[in-house]
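**Student:** could you work out the structure for the sequence below:
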Amino acid sequence: QSYTNVSDIYSFGVLMYFLFSKSWPYQYVLKIEALKKELTKEAKPFKKLDSRLPDRLIGVVGQCLQHDPNGRFQNFVDLIKTYKGKLDFDPVSNTASKRLRNELENEIEEEHQKKKQSRLKKLYIFLGCFGFLLILYGLYFSYLTAIPEQEVPDVIGLSKYEADELLEEKKLNSIISGARIHASYEEGRVIETKPPAGRMVKQNRMVRLFISKGTGPALVPDLVGLSRVKVQNLLEKNNFNVRIIKDLYSIQYLEGVVISQFPTPSTFLEPGEEIEIIISKGFPIELKVSPIKNSLFKNKDNLRSIELSFFILDEWASQEVEIFFHYNEKHEKIYSDLHQPGEAKTLELELDYGGRLEVFFNDEKGFSKTIKD
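**Tutor:** Numbers count the residues shown, from 1 in each chain. Model prediction:
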């Protein structure tokens, strides 16, 4: 809807109402729907704030606030002339005002119905989705309860034929999923099943069998640079045994990583034989954390006593050791010095609980740990 002089007249009437009465012609609301409801009512009677204001001002304000645009002043010239008494006030058209109120009430009712329909639509969609999920759950539950369960039998060490017979008795199916060398079972014997023996599964479930290829040499994998867990998993698959000879400090490999191995990679080893490995202990750093007793004048509950020890191996080059501490937004270097091979150092510090301590050797991070008990 376009704005005209008549719209400005209405706004001017509201402004005069507020300026000369210090109140609003309608209840002050911010929501459009509530404002429309207020506009269906008549404006509150205009009460002059100052008795010196002319009575004719009441009529001017009232005509400015007419619901019917045709009943308002058509321009500001007519408004001024009426206020000065040169023109008479226009009669109020109750019919037009009633028609406008009816239009507003109809519009409010239509918006209310639209919102009601939208809420009902969302409710129907929610109930539909909820019902669909209930149906799916019912179907899934009926599937779980309709097929009886069966325990996977132990077929390790049996031949493929014997394993198939035992599984068929339990109403389970089988398939060969792979074959590998095994130190204990001869060729053609079952060495592993998935799911494993003792697991409860549905009848007609497929059980995967792994068959022995017999005993024989296997190629030794390269283990250097792998973690202890990865080494264990890799060697178990090839039926190799692993033995950790010792742990050594290293500036090349992180803690828990293989530094060296014997036999070397790409050589052959009989199943069941051992592979010897050396594990990295990381950088030669030791951290001890202990609580601090509160002093008479200072609460030290959030501080911890730190004893940080490190040393430089004889075979290393000189090391520039830097220590950083990070706590919340605080980042600071708390130690920096050059140490020669064979030197050892112990630092005693008081640091915030929960902060992170980092130690660098020649700009390479060798240690990072959060301060905790």
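**Student:** hang on, residue 274 packs against residue 244?
**Tutor:** No. Here residue 274 does not reach residue 244: they are 10.6 Å apart, not a contact under CB atoms under 8 Å. Every C-beta, even on glycine, is put in place using the N, C-alpha and C of the backbone.
**Student:** the lowest-mean-pLDDT helix or strand in the chain: what's the following helix or strand?
**Tutor:** Every helix and strand of the chain was ranked by mean pLDDT, DSSP states H and E. The lowest is helix 32-39, at a mean of 66. Downstream of helix 32-39, the next assigned helix or strand under DSSP states H and E is helix 56-64.
**Student:** buried stuff in that next one?
**Tutor:** For helix 56-64, burial by neighbour count (16 or more other CB atoms under 10 Å) applies to 58, 60, 61, 62, 63, 64.
**Student:** which of the residues you listed sits closest to residue 156?
**Tutor:** Using CB to CB, residue 64 is the member of the buried residues of helix 56-64 that lies nearest residue 156, at 98.2 Å.
**Student:** please give me every residue in contact with the closest one.
**Tutor:** Residues in contact with residue 64, defined by CB atoms under 8 Å, 6 or more residues apart in numbering, are 9, 10, 12, 13, 14, 16, 72, 73, 79.
**Student:** doesn't the second one belong to a helix?
**Tutor:** The one in question is residue 10. Yes. According to DSSP: H, G, I helix; E, B strand; the rest coil, residue 10 belongs to a helix.
**Student:** count of neighbours near it?
**Tutor:** When neighbours are defined as other CB atoms under 10 Å, residue 10 has 19 of them.
**Student:** what about it, distance to residue 106?
**Tutor:** 21 Å (CB to CB, to the nearest Å).
**Student:** for the first one, same thing?
**Tutor:** Applying CB to CB, one obtains 25 Å for the distance of residue 9 from residue 106.
**Student:** looking at these two, which one has more neighbours?
**Tutor:** Neighbour comparison, residue 9 and residue 106: the larger count goes to residue 9, with 21 against 10 (by other CB under 10 Å).
**Student:** hmm, what's the outermost residue in the protein?
**Tutor:** Residue farthest from the centre of the chain, counting by CA atoms, centre = their mean, is residue 86 at 73.8 Å.
**Student:** for that residue, give me the backbone phi and psi.
**Tutor:** Dihedral pair for residue 86: phi -80, psi -20, per degrees, to the nearest 10.
**Student:** can you give me the strands in the stretch 251-373 of the chain?
**Tutor:** Along the stretch 251-373 of the chain, the segments classed as strands by DSSP state E, counting those that start in this stretch run 258-262, 268-269, 274-280, 285-291, 303-311, 319-327, 330-339, 344-352, 356-361, 364-370.
**Student:** what residues does the longest one touch?
**Tutor:** Residues lying outside strand 330-339 but in contact with it, judged by CB under 8 Å, 6+ apart, are 312, 318-325, 345, 347, 349, 355.
**Student:** name every strand pairing with that strand and say which way it goes.
**Tutor:** Applying DSSP bridges to the sheet, strand 330-339 is found paired with strand 319-327 (antiparallel).
**Student:** distance from the strand it pairs with to the middle of the chain?
**Tutor:** Its chain's C-alpha centre and that of strand 319-327 lie 32 Å apart, by CA atoms, centre = their mean, to the nearest Å.
**Student:** mind listing what's buried in that strand?
**Tutor:** Quick answer for strand 319-327 (16+ other CB under 10 Å): 319, 321, 322, 323, 324, 325, 327.
**Student:** quick check: mean pLDDT of that strand?
**Tutor:** Averaged over strand 319-327, pLDDT sits at 94.
**Student:** where among the strands of the stretch 251-373 of the chain is average confidence lowest?
**Tutor:** The lowest average pLDDT among the strands of the stretch 251-373 of the chain, as it happens, falls on strand 268-269, at a mean of 81.
**Student:** follow-up on the earlier one: would you list the strands of the stretch 251-373 of the chain in CSV and tack on distance to residue 252?
**Tutor:** Output for the strands of the stretch 251-373 of the chain, formatted as CSV (distance: least, CB to CB, whole Å):
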stretch, distance to residue 252
strand 258-262, 8
strand 268-269, 26
strand 274-280, 8
strand 285-291, 15
strand 303-311, 17
strand 319-327, 14
strand 330-339, 18
strand 344-352, 21
strand 356-361, 11
strand 364-370, 10
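**Student:** how near is residue 21 to residue 163?
**Tutor:** Distance from residue 21 to residue 163, by CB to CB: 98 Å.
**Student:** these two: who's more crowded?
**Tutor:** residue 163 (23 against 19).
**Student:** okay, now the domains of this structure?
**Tutor:** What the record gives for the chain is the domain set 1-146, 151-212, 218-280, 285-370, from automatic domain parsing.
**Student:** ok, of the buried residues of strand 319-327, which one's closest to residue 136?
**Tutor:** Using CB to CB, the buried residues of strand 319-327 come closest to residue 136 at residue 327, 50.6 Å.
**Student:** where's the closest one relative to residue 357, distance?
**Tutor:** According to CB to CB, residue 327 and residue 357 sit 10 Å apart.
**Student:** shared neighbours, these two?
**Tutor:** With CB under 8 Å, 6+ apart, residue 327 and residue 357 have common neighbours residue 351.
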